[in-house]
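>>> Give the three-dimensional model of this entry:
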Amino acid sequence: MKSNERLGNSKAVPSDKLEMLYRGILDTALDCIITIGSGGHVLEFNPAAERVFGFSRDEAIGKELADLIIPPRMREQHRRGLAHYLKTGEGPVIGKRIEIAGVRKDSSEILVELTITALKIDHEPLFTAYLRDITERVRNDRRRLAQ
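Predicted structure coming up:
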């Protein structure tokens, strides 16, 4: 069954309504959703990402992800990982949930829970990152453990 057939009594949904659905999902998601192309440039940056990282969607689109939200000390590792995946189809973090540092527009660091998925559209690899700011949760957990 096609995805657009699942939306309502097996009737095909017009593409403009599908676009509204997808946009609605992105815009109302509580987690950051960021998609990059094979060159590492941002293709999608949802409102949650705007709130967490401080960049507007317009500021982020077209920019290299590494230069936006990845701490400087980790940027080269990110670029090598992307190149490795494009060459081999293997990535140690693809499809896994990890905790890692991120950086906001104001240069402050946060801790995020990150999951990356990969897919191809028209033979072009795309990567979507789902991120959640866990800075406060981790800080509270550490306080509780220290007591």
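
>>> per-residue confidence for the residue lying closest to Pro72 once chain neighbours are set aside?
In space, and not counting its chain neighbours, Pro72 is closest to Val103: 7.8 Å by Cβ to Cβ, 6 or more residues apart in numbering. Where you see a C-beta, it was placed from the backbone N, CA and C, and this is true even at glycine. On pLDDT, Val103 comes in at 98.

>>> For this protein, which segments count as helices?
15-28, 47-53, 57-60, 65-69, 75-88, 135-146 (DSSP state H).

>>> so which of the ones you listed is the most packed in?
helix 65-69 (a mean of 21; mean count of other Cβ atoms under 10 Å).

>>> what's the residue nearest to the spatial centre of the chain in contact with, if anything?
Nearest residue to the geometric centre of the chain (Cα atoms, centre = their mean): Ala129, 2.4 Å. When contacts are counted by Cβ atoms under 8 Å, 6 or more residues apart in numbering, Ala129 touches 32-36, 65, 114-116.

>>> that older thread, the helices of the chain into TSV, with extra columns for mean pLDDT?
Compiled in TSV, the helices of the chain are given as follows (pLDDT from 0 to 100):
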stretch	mean pLDDT
helix 15-28	94
helix 47-53	98
helix 57-60	98
helix 65-69	97
helix 75-88	95
helix 135-146	89
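
>>> Kind regards, and thank you for your time.
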